[in-house]
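Visitor: Here is my input, please return the structure:
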Amino acid sequence: HLLYNLTEYQRRFSFWFPKDFKIVKIKAEKIDKEDKKKIKKEVMSTFSGGMDSFYTLWKHLPENELIKDFQITHTLFIQGLDISLYDKKTFETLKESYSELMKKLNIEMITLSTNLKRFHEKTNVDWESTHGSALVGIVLLFDKNISLFYFSEDDTYDYLPPYGINLAANYLLSTRNLNV
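Guide: Residues are numbered from 1 along each chain as shown. So this is what the prediction gives:
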């Protein structure tokens with residue numbers, strides 16, 4: 001999946017942002033086969049506490065999403081993206097509040113901290129055009145347990161601006177084991 005899809009993903013982003021992105025050839029030394037025996041049904045979404053996060057969560061709660069395989073089982077709350085790595089007080093306060101909410105909803109909240117955005121700031125590429133692939137890179141840390149990942153939604157099909165998270169491109173970041 002991913003090896004094939006990355007070519008199309010590059011085409012879209014090089015079209016949208018021709019000054020920032022060029023298509024590169026991707027070679028794989030080895031392609032692992034999918035483990036058909038392993039059946040996982042865990043579903044994850046990022047959760048920052050913003051309106052789009054709450055909408056995505058609400059949309060995929062059991063009372064709104066009747067198909068169990070598409071109901072959110074895990075949220076991912078990340079320090080270092082929307083909340084600075086240096087703002088520990090805000091992160092801890094929100095973490096406590098969101099943990100209580102997720103516990104009431106029977107959803108596991110995973111928290112982590114990353115310097116990915118700070119590292120990215122040293123490049124000449126706009127974070128807003130690349131943060132989608134960066135987030136999927138983080139989510140791939142959990143691909144042994146997570147089979148489906150939702151970005152927090154804020155786009156609609158009638159409005160798809162070229163952006164790092166985009167309904168027309170997100171699925172291209174899927175792997176054999178993780179659907180995006």
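Visitor: From now on I want contacts and neighbour counts done on CA atoms only, so please keep to that.
Guide: Will do.
Visitor: Can you read off the pLDDT for the closest residue to N177 other than its chain neighbours?
Guide: Leaving aside its chain neighbours, N177 sits nearest to S147 (6.0 Å; criterion: Cα to Cα, 6 or more residues apart in numbering). We note a pLDDT of 89 for S147 in this prediction.
Visitor: Tell me how far N145 lies from K117.
Guide: 25 Å (Cα to Cα, to the nearest Å).
Visitor: E153 too?
Guide: Taking Cα to Cα, one finds E153 at 20 Å from K117.
Visitor: Which one of the two is surrounded by more residues?
Guide: E153 (19 against 16; other Cα atoms under 10 Å).
Visitor: what pLDDT does the more buried one get?
Guide: 70.
Visitor: how would you label the residue nearest to T46 when sequence neighbours are not counted: helix, strand or coil?
Guide: Once flanking residues are discounted, T46 sits nearest to L76: 4.6 Å by Cα to Cα, 6+ apart. At L76, secondary structure determined by DSSP: H, G, I helix; E, B strand; the rest coil is strand.
Visitor: wait, what's in contact with L76?
Guide: M44, S45, T46, F47, M109, I110, T111, L112 (Cα atoms under 8 Å, 6 or more residues apart in numbering).
Visitor: Surely F91 touches G80?
Guide: No: in this structure, F91 is not within contact of G80 by Cα atoms under 8 Å, at 9.4 Å.
Visitor: What segments of the chain are strands?
Guide: Assigned by DSSP state E, the chain shows strands spanning 42-46, 74-79, 108-113, 146-150.
Visitor: got those strands as JSON lines, with distance to I26 columns?
Guide: JSON lines is the format used below for the strands of the chain (distance: least, Cα to Cα, whole Å):
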{"stretch": "strand 42-46", "distance to I26": "28"}
{"stretch": "strand 74-79", "distance to I26": "29"}
{"stretch": "strand 108-113", "distance to I26": "29"}
{"stretch": "strand 146-150", "distance to I26": "24"}
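Visitor: now the residue nearest to T46: how far from L85?
Guide: L76 is 16 Å from L85, by Cα to Cα.
Visitor: Tell me, how many residues neighbour H60?
Guide: Neighbour tally, H60, other Cα under 10 Å: 20.
Visitor: now the one 4 residues further on
Guide: The number of residues packed near N64 is 11, by other Cα under 10 Å.
Visitor: Q71 now?
Guide: 23.
Visitor: ok, so what distance separates it from D126?
Guide: Q71 is 32 Å from D126, by Cα to Cα.
Visitor: Bridged to the residue lying closest to T90 once chain neighbours are set aside, which residues?
Guide: Nearest residue to T90, sequence neighbours excluded (Cα to Cα, 6+ apart): I83, at 7.6 Å. Under the criterion DSSP bridges, I83 forms beta bridges with Q79.
Visitor: was I right about I83 contacting F91?
Guide: Yes: counting by Cα under 8 Å, F91 is a contact partner of I83 at 6.7 Å.
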